[in-house]
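[1] when you get a sec, could you give me coordinates for this:
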Amino acid sequence: MPRLARFRMLFAALVLLAASVLSLRAEDGAIASRPPTPSTIIIGFTGGFVGHDSPNHGPVQLAQRIRKNLPHDAYIQVFENRHRKSAYNTVLRLLDRDHDGVLTDQEKAQAHIILFGHSWGASAVVLLARELDRIGIPVLLTVQVDSVAKLWQRDGVIPENVVAAANFYQPHGLIHGRAVIQAADASKTQILGNYRYDYNHAPVKCEATSWVGRTFMASHIESECDPHLWSEVENLVRQRLQPEPGFVAAVPLP
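    Residues are numbered from 1 along each chain as shown. Got it, this is the predicted structure:
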């Protein structure tokens, strides 16, 4: 048999083999299947220069507790507040059901997003919600804990794409959170409340606190490690994970 003919037969056999392998992998889901859009996307932000996996901080501990019995089709991740753009891109990627790089109106409408954060991370929550509003993506809930805005940020007005928002704050020290948040459009956003915590009257012990932190921003740090406060945040998040018909969020008790 001429060499060219043998080469053509070998090439054809390789093509058939490759097609068979791809077919088998498509059948068992290795290639053909794509991960579904999460039922709920939960994004947390740490404050200051705290890492996303720092174990002694409220947002990280909250994410760890929620993750233990999170619905299998839900997603949760904590970011440093300076990585808000990464969080934004993560949300877009997760909502892109057909992975074509373009979000349709239907893909946007199916979004169920919850955002929470502390300090600079709480301000990042509002900024991310505002960025999602610009492209028409709704947000179920935002929760700010002792929210502190950087100079160029605005963390007091909740954009109209947010269904409900809550604000927890303490009023003492050189660094303390915003006392009041308001809705850009009260007909679209429910402000669940601005909840005041006073650590001068009810101090909370925090582990691994530096001397600088204890001296200059003790109450601000206490808001980050207060188990009661973060349990209230957790309740709000869990209520939105499985909302009841006619759901109205429970009012946290200070």
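
[2] what's opposite the most centrally placed residue in the chain in the beta bridge?
    Residue closest to the average C-alpha location in the chain (C-alpha atoms, centre = their mean): residue 43, at 0.8 Å. Under DSSP bridges, the beta-bridge partners of residue 43 are residue 77, residue 115.

[3] surely it and residue 86 touch.
    No: taking contacts as C-beta atoms under 8 Å, residue 43 lies outside contact range of residue 86: 10.1 Å. All C-beta atoms are positioned from the backbone trio N, CA, C, and that covers glycine.

[4] who touches both of the two?
    Common neighbours of residue 43 and residue 86 (criterion: C-beta atoms under 8 Å, 6 or more residues apart in numbering): residue 79.

[5] relative to residue 228, how far out is residue 52?
    24 Å (C-beta to C-beta, to the nearest Å).

[6] more neighbours: which of those two?
    residue 52 (19 against 12; other C-beta atoms under 10 Å).

[7] within the helices and strands, which one has the more buried one?
    Using DSSP states H and E, residue 52 sits in no helix or strand.

[8] name the nearest residue to it, sequence neighbours excluded.
    residue 78 (4.6 Å; C-beta to C-beta, 6 or more residues apart in numbering).

[9] neighbours of that neighbour, how many?
    If you count neighbours by other C-beta under 10 Å, residue 78 ends up with 27.

[10] again with residue 232
    Residue 232: 22 neighbours (other C-beta under 10 Å).

[11] that one should be in a helix, yeah?
    Yes: under DSSP: H, G, I helix; E, B strand; the rest coil, residue 232 falls within a helix.

[12] shouldn't it be in contact with residue 195?
    Yes: contact criterion C-beta under 8 Å: residue 232 and residue 195 qualify, at 7.5 Å.

[13] any weak-confidence spans in the protein?
    1-35, 55, 208-217, 242-254 (pLDDT under 70).

[14] and residue 238, what element?
    helix 227-241.

[15] helices or strands up against that helix?
    Here helix 227-241 touches helix 58-68, strand 113-118, strand 139-145, strand 162-169, going by 3 or more C-beta pairs under 8 Å, 6 or more residues apart in numbering; DSSP states H and E.
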